[in-house]
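Novice: Sequence first, then the predicted structure, then my questions.
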Amino acid sequence: METVSSTTRVQEHSGTWNREFSGTVTHTEPVMGDSMLITFSAPPALVPGVRAGQFVEILCRSESSWDPLLRRPYSIYDVDPHASTFTVLVRPYGRGSAWLCDRSPGSMLSVLGPLGNAFTIAEKSRNLLMVAGGVGAAPLLMLAKDATRRGLSVTYLLGGMTADALLDARFVPGEVEYVVATDDGSQGHHGFVTDLVPGYLQWADQVFSCGPEAMFRSLRQVVLATRFGQHPPVQVSVERTMACGVGACLGCVVETRHGMKPSCVDGPVFDMDQVIWS
Amino acid sequence: METVSSTTRVQEHSGTWNREFSGTVTHTEPVMGDSMLITFSAPPALVPGVRAGQFVEILCRSESSWDPLLRRPYSIYDVDPHASTFTVLVRPYGRGSAWLCDRSPGSMLSVLGPLGNAFTIAEKSRNLLMVAGGVGAAPLLMLAKDATRRGLSVTYLLGGMTADALLDARFVPGEVEYVVATDDGSQGHHGFVTDLVPGYLQWADQVFSCGPEAMFRSLRQVVLATRFGQHPPVQVSVERTMACGVGACLGCVVETRHGMKPSCVDGPVFDMDQVIWS
Amino acid sequence: MSDQSQTSTHVDATIDLSVDLAPRNPHELVLRNPVIAASGCFGYGLEYGGIVDVQRLGAFVSKGVTPKPRSGNTMPRITETPAGMLNAIGLQNPGISAFLRKYPPIWERWHVPALVNISAETVEDYAMMARRLDETPGIAGIEVNISCPNLAAGGYNFGWDPQMAADVTRAVRQATTLPVIVKLSPGAVEIAVVAAAVEDAGADAVSLINTLVGMTIDTRTRRPVLANTTGGLSGPAVKPVAVRMVYQVASTVAIPVIGIGGVSILGDALEFFMAGASAVQVGTAIFSQPSVLTALIDDIGGWMHANGVANLGEIVGCANATFRGPASVSNDYAGLMT
Amino acid sequence: MSDQSQTSTHVDATIDLSVDLAPRNPHELVLRNPVIAASGCFGYGLEYGGIVDVQRLGAFVSKGVTPKPRSGNTMPRITETPAGMLNAIGLQNPGISAFLRKYPPIWERWHVPALVNISAETVEDYAMMARRLDETPGIAGIEVNISCPNLAAGGYNFGWDPQMAADVTRAVRQATTLPVIVKLSPGAVEIAVVAAAVEDAGADAVSLINTLVGMTIDTRTRRPVLANTTGGLSGPAVKPVAVRMVYQVASTVAIPVIGIGGVSILGDALEFFMAGASAVQVGTAIFSQPSVLTALIDDIGGWMHANGVANLGEIVGCANATFRGPASVSNDYAGLMT
Ligand SMILES: Cc1cc2nc3c(=O)[nH]c(=O)nc-3n(C[C@H](O)[C@H](O)[C@H](O)COP(=O)(O)OP(=O)(O)OC[C@H]3O[C@@H](n4cnc5c(N)ncnc54)[C@H](O)[C@@H]3O)c2cc1C
Ligand SMILES: Cc1cc2nc3c(=O)[nH]c(=O)nc-3n(C[C@H](O)[C@H](O)[C@H](O)COP(=O)(O)OP(=O)(O)OC[C@H]3O[C@@H](n4cnc5c(N)ncnc54)[C@H](O)[C@@H]3O)c2cc1C
Ligand SMILES: Cc1cc2nc3c(=O)[nH]c(=O)nc-3n(C[C@H](O)[C@H](O)[C@H](O)COP(=O)(O)O)c2cc1C
Ligand SMILES: Cc1cc2nc3c(=O)[nH]c(=O)nc-3n(C[C@H](O)[C@H](O)[C@H](O)COP(=O)(O)O)c2cc1C
Ligand code: FES
Ligand code: FES
């Protein structure tokens, strides 16, 4: 199994020079406690090509300001080809995300994307396990929707600090088995989301994960201890500070068995066993 | 005649440590073409002491940004002691003013002030001539309101590029003789506002002016050629780039007969004949 | 604001914010807290009356004073840059004599230590000013601004050359028993070498950085914005350079280091402490938010409380594997801090 | 965007955006316009495919190449600072041999001139790379990055010392007839002295500035943010320093000067031209807004049109009373420009 870059494909679909665009916020909606779903317009040519796992880079400042300087990457949570919109799920954390969560319908956003590779569902896979932590929920929800649309079985595990920080079930397609864990036990399993994983490994053909690095580590422990063995069919979407988003600056590399790879182009999705976990 | 600093007085009125405050925008109103009247709340203790000619320094960036770095000074256009608000008149020009004109009711502003000295109406003065150019209209309108409230006669001359850029007469008290000039002749006198001044110099006991430096220069030509002679009772509010606003940085000095004076403390209002016009 | 003051009083009882910036000097220079208003950004301590409670500060440094009165540069003197500003005030000041008559008598009645920043173009003039300050009550210490052109060296900056910097330091040291802080120039190729030289020459502490030299051009007039052509760059923009230099200097000298450059919020001050600074100076940020000074004192106290840090010395230099700093002078746990 | 391109075609007919960056070199280095993508910020000219029309650029500079392959520094390698960023990529690159196999054959078919940025730790290695580039089609010129530690001088930076900078330049000059641009380090005390030295040693042009050295500390982990501890500061934050240095260098040398540092909008490019730069490089701004590159070309053309400037040379150095720059090489009206 290989994760493939869909960058080239998007280009073909979309004509040239327009992956840097200005999007108008059309809708914002609070979700997962203090996070925000932000929907904005995108050029029609860009929308159909998007695949789950890809991201956009958003400039989090007004035109009158040089600070904060760099774009922030956000996974694409959803696309709407009819309305020609992208949706991202943003947790207010530092300066950029706080600014972003303050936008309202009508606000303009400078967007670069879609960028990066995507999760890859193998042809023979029928049963997919998704393991999400926090805002890692975003790309996996898009993947879950794609998969159910294609008639595949999906179990979607989500971990959060408290019940309040979880994704309301109404956002998750009915066909998906949605199971949650909270650090404080206020909803679902009391503990880490990765505690739930062993129960599904017999069933799953592939595992997809997105969340904090610590979650990947325990996921890896769990997976390596099972039948999946040496080359587990696990794909993880990693998070690195990024600048360019296109492989030009080499600021976002991940150490893999084939060298230092820019996670904005050769990722953010990597086969778990290709990454050298430090 | 001397222009006096009212800084000390404000302090006494207001108690300590609160001239740096957070104001909530309560009202915005387009005026003079693309400019904006912005009204925001101020601590009640600060409002009654304000005198025409004083200014506030406003931080023109969001909390998530370090840029633009410095506060911008804006003349106080009006105060409302009952509502406990200040109003400023802002022309969108560069980065700071554009950001400011984008605020809407509910927005928070970081404000420092009132700062600076004020126009001084001599005890014996009955007839006051005000000569304003562009947003220089702001402090003089406050002065005109004060003066008419005290029963003095006021002629208020305002120059602008076009009719559109002038202050609508409804903003000017009825008692004030309001005369305008436009560069393009679209309203009032076709030419500079200073062309109108000679006709009023016999009548006026004092002249007050605020506007671009070039306007001061022609005002000075006009005044020096008249009965006012060597020590004309003319006060001008000058504009210098400022940083601290309190006399600490010496970035905003005006060269006067008594040396380099910080215009944020010893100004912005200066006796015209005290300034060394380069 | 009064809430914050109460918090800080509360916190003060359990934690120690004080710092000695001149451990080698019998006079010592103990500040109640590590927040100092920087030279040129706080006038003579009077200008922010009614806005900042100057008595709460760890100390303040007065505007640079020179042997003779100076009217400063022609205007414009300041301009804004991305997340920073340029200034070319040109050391407008009344000269050492008028200065001594006017300000120290006021400061003598204050709680807050007043540090006097001095600038000159010859070694002799630095020494002369130090001698006159030495005799004057109301002055807690001297900050020697060596980012000045050396007339004897054709205008080459004192602060760029270890030898010239040491000469100034030695002359000042001999002229006064007051605590002497030497303020380093970021224009030096290897600022740590200059720091080591002034340490050897008798400095009680070093402060850094002074401004970087920059300029901007008004594209409408096609002339430099500042009448002086170039100016000093300060503010958040320079902070990464300042933190790096503090880190390098603190790895090299054993005297206290005072961090300067872009300090605006708690996190900035902590960065400087962790890089090896025992105190920070705040300059440009005062212009944007005067309340930053007292807020920093409160916030540092609050952070120490929340993080179980009883004494600021515990974190000074903790990011720095090769830290030598003041702890190695006054106590012996510096080696444990990495 | 397509609108803008049309405008620019229109403007191109009446004004001349072209610039020769190597008037002393028989090969010459004539760019169609003065906008160059900076080294390390535009990969190998391929990465922004589908986003930036690379063929419209005046030129681009490829990521620094070294004698041997380098896997670069460990992560994190970049972090944001106020109006700037720090990078410590550590020159990740495939090494000169793999580089030569991979990229010049592609560039050979391109219209846009490809400039190759080289870094090394010995004079001999610089010369060796220059020799190998000289033999390779598809390369328009060499940019010599001298902000590198000189192994023979215990790691002292080549770019800080006029003599060491001249040594590198001379060695490269002797190894190639290609246009040679020497990229200066802002760490030098007097960058104009280094510029004069490399001019004498045979540089066709100088480019400046490379990044300033900075660092930031993660106050939660209490460790430097970058795995490498320090990194290079770039972006709008450094622009005032860069403009000042370009101004000083352009007053000193007669070869073309290429301005680098924070260029993000038309006004920034104009500042550098007026300070004495014949062209600009754009680095960090590409990350925030890739369209900046072609927008700048359009906007410079539009500005020249609106301001009656037919040839960019008319404004190069116009803010600079002591400008010596390229006009004094290629024509004789430099003296009229102040
Ligand atoms: C491929 C990719 C996809 C992403 N998708 C999403 C998404 O869907 N939703 C979402 O909310 N975020 C997502 N992120 C994270 C996002 O890009 C920002 O990093 C995040 O919003 C914080 O940015 P900020 O400007 O608010 O914080 P900053 O102001 O940049 O950071 C504040 C402080 O936190 C530190 N910091 C910043 N980011 C992190 C981090 N991730 N972990 C730990 N410390 C950090 C900084 O060093 C700084 O000290 C994604 C990141 C990547 C690389
Ligand atoms: C005492 C005082 C009172 C003021 N009162 C008012 C007021 O009531 N209403 C109002 O709209 N403005 C007023 N101003 C001007 C105001 O402070 C700002 O300078 C103005 O809003 C422009 O700021 P900006 O951030 O938009 O422009 P910036 O981004 O700071 O400037 C954009 C460009 O214009 C240049 N520039 C900035 N200001 C000026 C200027 N004044 N003249 C020429 N070039 C300039 C800058 O150098 C820069 O190149 C006052 C200024 C002073 C000193
Ligand atoms: C307007 C202004 C005036 C200054 N005057 C002096 C001075 O007289 N003497 C001095 O040593 N430093 C002077 N400085 C430098 C500051 O003390 C400080 O070193 C520098 O601004 C960096 O700190 P900051 O980023 O917090 O401002 C001045 C700085 C500014 C902005
Ligand atoms: C991520 C990154 C990588 C860089 N790599 C190189 C390099 O390999 N060689 C070099 O000479 N300069 C390199 N630079 C410096 C830039 O070319 C440029 O000189 C500097 O960033 C200042 O310009 P800017 O402010 O426009 O970015 C790099 C800069 C960045 C931000
Ligand atoms: S963000 Fe620049 S290479 Fe990935
Ligand atoms: S703005 Fe600082 S002295 Fe006036």
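Specialist: Nice, I can see it. Ligands and ions are numbered 1, 2, ... in the order given.
Novice: What strand or helix carries the most far-flung residue of chain C relative to its centre?
Specialist: Distance from the C-alpha centroid of chain C, by Cα atoms, centre = their mean, peaks at C:R220 (36.3 Å). For C:R220, there is no enclosing helix or strand under DSSP states H and E.
Novice: Kindly provide the distance from it to chain A.
Specialist: As defined by Cβ to the nearest Cβ, to the nearest Å, C:R220 lies at a distance of 19 Å from chain A. In short, each C-beta sits where N, CA and C put it, glycine included.
Novice: and if you look at C:F60?
Specialist: 28 Å.
Novice: I'd say that residue and C:L46 touch.
Specialist: No. Here C:F60 does not reach C:L46: they are 10.1 Å apart, not a contact under Cβ atoms under 8 Å.
Novice: Show me which of those two is the more surrounded one.
Specialist: A side-by-side neighbour count of C:F60 and C:L46, using other Cβ atoms under 10 Å in any protein chain shown, places C:F60 first with 28 against 16.
Novice: Is it correct that that one falls within a helix?
Specialist: No. Counting by DSSP: H, G, I helix; E, B strand; the rest coil, one finds C:F60 to be strand, located in no helix.
Novice: Distance of it relative to A:F216?
Specialist: For C:F60, the distance to A:F216 under the criterion Cβ to Cβ, to the nearest Å works out to 50 Å.
Novice: Sketch out the low-pLDDT regions of the chain for me.
Specialist: Chain wasn't specified; assuming chain A. Flagging of chain A using pLDDT under 70 yields the residue ranges A:1-17, A:227-230.
Novice: that's the other chain; I wanted chain C
Specialist: For chain C, the stretches flagged by pLDDT under 70 are C:1-13, C:326-338.
Novice: Get me the contact residues on chain A for ligand 5.
Specialist: Listed as neighbours of ligand 5 in chain A under the rule Cβ under 6 Å from any ligand atom: A:M242, A:A243, A:C244, A:G245, A:G247, A:A248, A:C249, A:L250, A:G251, A:C252, A:P262, A:C264.
Novice: residue in the stretch 101-250 of chain A nearest to chain D?
Specialist: Of all residues in the stretch 101-250 of chain A, A:A248 sits closest to chain D, with a separation of 3.8 Å (Cβ to the nearest Cβ).
Novice: Verify the contact between that residue and D:A37 for me.
Specialist: No. Under the criterion of Cβ under 8 Å, A:A248 lies out of contact with D:A37, with a separation of 9.0 Å.
Novice: Can you check which residues contact both of these two?
Specialist: D:I286 (Cβ atoms under 8 Å, 6 or more residues apart in numbering or on different chains).
Novice: Going along the chain, name the helices of the chain.
Specialist: By default, I'm working from chain A. Taking DSSP state H as the criterion, chain A contains helices spanning A:7-14, A:95-101, A:137-149, A:198-201, A:213-224.
Novice: try again with chain C
Specialist: Shown for chain C, the helices assigned by DSSP H span residues C:2-14, C:95-102, C:104-107, C:123-134, C:162-175, C:191-200, C:239-250, C:266-275, C:284-288, C:292-306, C:327-330.
Novice: thought C:T176 was touching C:D134?
Specialist: Yes. Between C:T176 and C:D134 there is a contact under Cβ under 8 Å: 3.8 Å.
Novice: got a list of contacts for stretch A:208-223?
Specialist: Residues lying outside stretch A:208-223 but in contact with it, judged by Cβ under 8 Å, 6+ apart, are A:75, A:119, A:128-134, A:136-140, A:143, A:159, A:192-194, A:197-198, A:201, A:207, A:232, A:234-239, A:272, A:277.
Novice: For ChimeraX, write the select line for the buried members of the residues you listed.
Specialist: What follows is the ChimeraX syntax for the buried subset of the contacts of stretch A:208-223, where burial is set by 16 or more other Cβ atoms under 10 Å in any protein chain shown:
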select /A:75,119,128,129,130,131,132,133,134,136,137,138,139,140,143,159,192,193,194,197,201,207,232,234,235,236,237,238,239,272
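Novice: Keep only those of the contacts of stretch A:208-223 that are in strands.
Specialist: Residues from those lying in strands, with DSSP state E as the criterion: A:75, A:128-133, A:159, A:207, A:234-237.
Novice: Considering the residues you listed, which is situated nearest to ligand 2?
Specialist: If you rank those by distance to ligand 2 using Cβ to the nearest ligand atom, A:S75 comes first, at 35.5 Å.
Novice: Now do the contacts for the closest residue to that closest one other than its chain neighbours.
Specialist: In space, and not counting its chain neighbours, A:S75 is closest to A:P139: 4.0 Å by Cβ to Cβ, 6 or more residues apart in numbering or on different chains. By Cβ under 8 Å, 6+ apart, the contact list for A:P139 reads A:A52, A:G53, A:Q54, A:F55, A:S75, A:I76, A:Y77, A:F119, A:C210, A:S237.
Novice: Filter these down to the buried ones.
Specialist: When burial is judged by neighbour count using 16+ other Cβ under 10 Å, the buried members of the contacts of A:P139 are A:A52, A:G53, A:Q54, A:F55, A:S75, A:I76, A:Y77, A:F119, A:C210, A:S237.
Novice: about what we covered before: most tightly packed of the helices of chain A?
Specialist: helix A:137-149 (a mean of 24; mean count of other Cβ atoms under 10 Å in any protein chain shown).
Novice: Contacts only, for the nearest residue to C:T136 once chain neighbours are set aside.
Specialist: The shortest distance from C:T136 to any residue other than its chain neighbours is 4.9 Å, reached at C:P104 (Cβ to Cβ, 6+ apart). Listed by Cβ under 8 Å, 6+ apart, the contact partners of C:P104 are C:A114, C:T136, C:P137, C:G138, C:I139.
Novice: got it, and A:D34?
Specialist: Residues touching A:D34, when contacts are defined by Cβ under 8 Å, 6+ apart, comprise A:R91, A:P92, A:C101.
Novice: If we use 7 Å, what do you get?
Specialist: With Cβ atoms under 7 Å, 6 or more residues apart in numbering or on different chains as the criterion, the residues that contact A:D34 are A:P92.
Novice: what's the answer for C:A310, then?
Specialist: C:I15, C:D16.
Novice: phi, psi of it?
Specialist: Phi and psi for C:A310, reported as degrees, to the nearest 10, are phi -80, psi -30.
Novice: where does chain C come near ligand 3, residue by residue?
Specialist: Those residues of chain C that sit near ligand 3, judged by Cβ under 6 Å from any ligand atom, are C:38-41, C:63-64, C:87, C:89, C:91, C:117, C:145, C:183, C:210-211, C:232, C:234-235, C:238, C:260-263, C:282-285.
Novice: Give the buried subset of those as a ChimeraX selection command.
Specialist: The following ChimeraX selection, which keeps only the buried ones among these, applies the criterion 16+ other Cβ under 10 Å:
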select /C:38,39,40,41,63,64,87,89,91,117,145,183,210,211,232,234,235,238,260,261,262,263,282,283,284,285
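Novice: For residue 48, grab the count of nearby residues.
Specialist: No chain in the question, so chain A it is. 12.
Novice: that answer is for a different chain, and I need it for chain C
Specialist: Residue neighbour count, defined by other Cβ under 10 Å, stands at 24 for C:Y48.
Novice: measure it to chain B for me?
Specialist: Here C:Y48 is placed at a distance of 6 Å from chain B (Cβ to the nearest Cβ).
Novice: Can you verify my assumption that that residue contacts B:V246?
Specialist: Yes. The pair C:Y48 and B:V246 qualifies as a contact (Cβ atoms under 7 Å) at a distance of 5.9 Å.
Novice: ok now do the residue of chain C found nearest ligand 5, which residues does it touch?
Specialist: Taking Cβ to the nearest ligand atom as the measure, chain C has C:P240 as its residue closest to ligand 5, at 19.4 Å. With Cβ under 7 Å, 6+ apart as the criterion, the residues that contact C:P240 are D:T81, D:L86, D:G214, D:M215, D:T216, D:L233.
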